[in-house]
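A.B. asks: Take this sequence and fold it.
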Amino acid sequence: MKTLLWLLLAAAVLGNVIGNFAVADGPLQIVVSSLCGVVVIGCGVALYLLRERDPDAFDKG
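C.D. replies: Take a look at the predicted model:
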């Protein structure tokens, strides 16, 4: 699951970069960038929620 999310995150970032160069200025560029942004935010949140937590993290220090 995490591998798929990392691949999707990388594809969305790459798609956003390519979309900025390949798509002419206008509404289509806004749509492409918005969709890529939503995917990046979604993947980031999902990866954050799926991270492995250390149960003793608060006891250390």
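A.B. asks: who's in contact with the spatially closest residue to residue 43 that is not a sequence neighbour?
C.D. replies: Among residues not flanking residue 43 along the chain, residue 9 sits closest, at 4.0 Å (C-beta to C-beta, 6 or more residues apart in numbering). Quick note: C-beta positions are derived from backbone N, CA and C, even for glycine. By C-beta atoms under 8 Å, 6 or more residues apart in numbering, the residues touching residue 9 are 39-40, 43-44, 47.
A.B. asks: could I get the residues you listed as JSON lines with secondary structure and pLDDT?
C.D. replies: Formatted as JSON lines, the contacts of residue 9 follow (DSSP: H, G, I helix; E, B strand; the rest coil; pLDDT from 0 to 100):
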{"residue": "39", "secondary structure": "helix", "pLDDT": "96"}
{"residue": "40", "secondary structure": "helix", "pLDDT": "97"}
{"residue": "43", "secondary structure": "helix", "pLDDT": "97"}
{"residue": "44", "secondary structure": "helix", "pLDDT": "96"}
{"residue": "47", "secondary structure": "helix", "pLDDT": "94"}
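A.B. asks: Which of the residues you listed has the largest number of neighbours?
C.D. replies: Highest neighbour count within the contacts of residue 9: residue 43, with 20 neighbours (other C-beta atoms under 10 Å).
A.B. asks: contacting residues for the residue nearest to the spatial centre of the chain?
C.D. replies: Nearest residue to the geometric centre of the chain (C-alpha atoms, centre = their mean): residue 40, 2.2 Å. For residue 40, the residues meeting the contact criterion (C-beta under 8 Å, 6+ apart) are 9, 12-13, 16.
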